[in-house]
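Novice: Take a look and give me a structure for this.
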Amino acid sequence: MKRSMALIVLAAGKGSRFGGLKQFVSVGPHGEKLLEYTLYDALRAGFSRAVFVIRKEISKESRLFFQDLAKSIPIAVVYQETTALPAGGWDVAGREKPWGTGHALWVAREVVEGPFGIVNADDFYGRGAISILADYLQDPGAASGALVPYPVEKTLSRFGSVSRGVCRVQNGCLAGIEERKKVALIKGAVSHQGPNGRVAIPRGTPVSMNLWGGSALILDEAESHFKAFLRENAGSKDAEFYLSTIYNRAICERGLKVKALHADSEWFGLTYAEDIGYVAQRIADLIQTGIYPAHLWG
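Specialist: As a prediction, this is how the structure comes out:
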């Protein structure tokens, strides 16, 4: 009997570098959003429902989209607000920026049961990657979590730098992940901005694009580590609680196993407004080759 699996879609970002709500930009021939292609693949891979994490301030813009999408896949919507916090009387006055991707998982915890996947709304992961993650999560004996990483050089934008979680993989498992800022291809070499200048990142280095899998154990980690994060950062206006923090601590402090899954899939995504043309063309190419129908939902 197949296990019920939810796909958590991180769609609460403000799109500051993009200049707008990139999660709802049309890139398909009939107005399809990039995240719809991921959901199309997820349904066929065995995920049974989608859980969208958004901000209340964009609920009006997203309402009609969710109403249409619900005709094709069961969905739930949860809100990632700066005031959505565990009990404890935290002083968060003046905080406007969302708390980060780890917080998004924390707010989704109450509507998620059983194994789950996580995706960004503004990334395309490829059918193979989604299928490999779904197959792994169907195994009752699977590890507490999983990640499908991508080679760093295949995750960059031609129009500016990006942030990436650089992974250490040992014996097929994730051994650790470190967030790197301003990752870019400069003069043929990939590097990130360190405290004393640019630092090289070798080609082929696996990085996280937030294609994660998890279990109830990971949800428990999100709860305990978010409280620890707040004890240190409640007064901050910009500190972020990352998914990588949850998984790192699950590995290093609890000794939980997080599998690194290999998938020979193409990634592309929306970081800057200039990426729209390339992404739309890649979708058109995939339709032309028969990977997706022109009318995605028939």
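
Novice: When you work out contacts or count neighbours from here on, use the C-alpha atoms and nothing else.
Specialist: Will do.

Novice: mind listing what's buried in the helix or strand bottoming out on mean pLDDT in the chain?
Specialist: Taking mean pLDDT, DSSP states H and E as the measure, the chain has helix 59-69 as its least confident helix or strand, at a mean of 87. Neighbour-count burial for helix 59-69, with 16 or more other Cα atoms under 10 Å as criterion, is recorded at residue 66.

Novice: Give me the number of neighbouring residues for the residue lying closest to residue 215 once chain neighbours are set aside.
Specialist: Once flanking residues are discounted, residue 215 sits nearest to residue 115: 4.7 Å by Cα to Cα, 6 or more residues apart in numbering. Around residue 115 there are 26 other residues, counting by other Cα atoms under 10 Å.

Novice: ok and the next helix or strand after the least confident helix or strand of the chain relative to helix 59-69, angle-wise?
Specialist: The first helix or strand that comes after helix 59-69 along the chain, using DSSP states H and E, is strand 75-79. Relative orientation of strand 75-79 versus helix 59-69 (axes from the mean of the first three to the mean of the last three Cα atoms, to 10 degrees): 170 degrees.

Novice: Alpha carbons of strand 75-79, in PDB - could you do that?
Specialist: Output of strand 75-79 as PDB, limited to C-alpha atoms (Å, rounded to 0.1, in the frame of the first residue of the first chain):
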ATOM      1  CA  ILE A  75      -4.300  21.800  -1.700                       C
ATOM      2  CA  ALA A  76      -3.900  23.400   1.700                       C
ATOM      3  CA  VAL A  77      -2.700  26.900   2.400                       C
ATOM      4  CA  VAL A  78      -0.800  28.000   5.500                       C
ATOM      5  CA  TYR A  79       0.500  31.500   6.300                       C
END
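
Novice: got the angle for the helix or strand following that strand vs strand 75-79?
Specialist: Sequence-wise, the next helix or strand downstream of strand 75-79 (DSSP H and E) is helix 101-108. Computed by the same axes, to 10 degrees, the angle separating helix 101-108 from strand 75-79 equals 120 degrees.

Novice: what comes into contact with helix 101-108?
Specialist: 8, 10, 51, 53, 78-80, 84, 219, 222-223, 226, 240-246 (Cα atoms under 8 Å, 6 or more residues apart in numbering).

Novice: Can you list the buried residues in stretch 88-96?
Specialist: Per 16+ other Cα under 10 Å, stretch 88-96 contains these buried residues: 92, 95.

Novice: Buried residues, stretch 268-277. List them.
Specialist: 268, 269, 270, 271, 272, 275, 276.

Novice: that older thread, ChimeraX command for the buried members of the contacts of helix 101-108?
Specialist: This is how ChimeraX selects the buried members of the contacts of helix 101-108, with burial counted by 16+ other Cα under 10 Å:
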select :8,10,51,53,78,79,80,219,222,223,226,240,241,242,243,244,245,246
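
Novice: Just the C-alphas of the helix or strand residue 168 falls within, formatted as PDB.
Specialist: Per DSSP H and E: residue 168 is located in strand 162-170. The C-alpha coordinates for strand 162-170 follow below in PDB (Å, rounded to 0.1, in the frame of the first residue of the first chain):
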ATOM      1  CA  VAL A 162      22.700  33.700  -5.900                       C
ATOM      2  CA  SER A 163      22.700  32.100  -2.500                       C
ATOM      3  CA  ARG A 164      23.300  28.400  -2.200                       C
ATOM      4  CA  GLY A 165      23.600  25.700   0.500                       C
ATOM      5  CA  VAL A 166      26.900  23.900  -0.200                       C
ATOM      6  CA  CYS A 167      26.700  20.300   0.800                       C
ATOM      7  CA  ARG A 168      29.200  17.800   2.100                       C
ATOM      8  CA  VAL A 169      28.200  14.300   1.100                       C
ATOM      9  CA  GLN A 170      29.800  11.100   2.600                       C
END
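
Novice: just to revisit the earlier point, inside helices: which ones of the buried residues of stretch 268-277?
Specialist: If you go by DSSP state H, the buried residues of stretch 268-277 have 275, 276 in helices.

Novice: Which two of the buried residues of stretch 268-277 have the greatest separation?
Specialist: 268 and 272 (11.9 Å; Cα to Cα).

Novice: And the top strand by length along the chain, what's buried?
Specialist: The residue-count maximum for a strand in the chain (DSSP state E) belongs to strand 173-186. Applying a neighbour-count criterion of 16+ other Cα under 10 Å, one finds 173, 174, 175, 176, 177, 180, 183, 184, 185 buried in strand 173-186.

Novice: residues in contact with it?
Specialist: So strand 173-186 is contacted by 147, 153, 156-157, 160-169, 190-193, 244, 248, 251-252, 257-260 (Cα under 8 Å, 6+ apart).

Novice: List only those of these flagged as buried.
Specialist: Applying 16+ other Cα under 10 Å to those flags 147, 153, 156-157, 161-169, 190-192, 244, 248, 251, 257-260 as buried.
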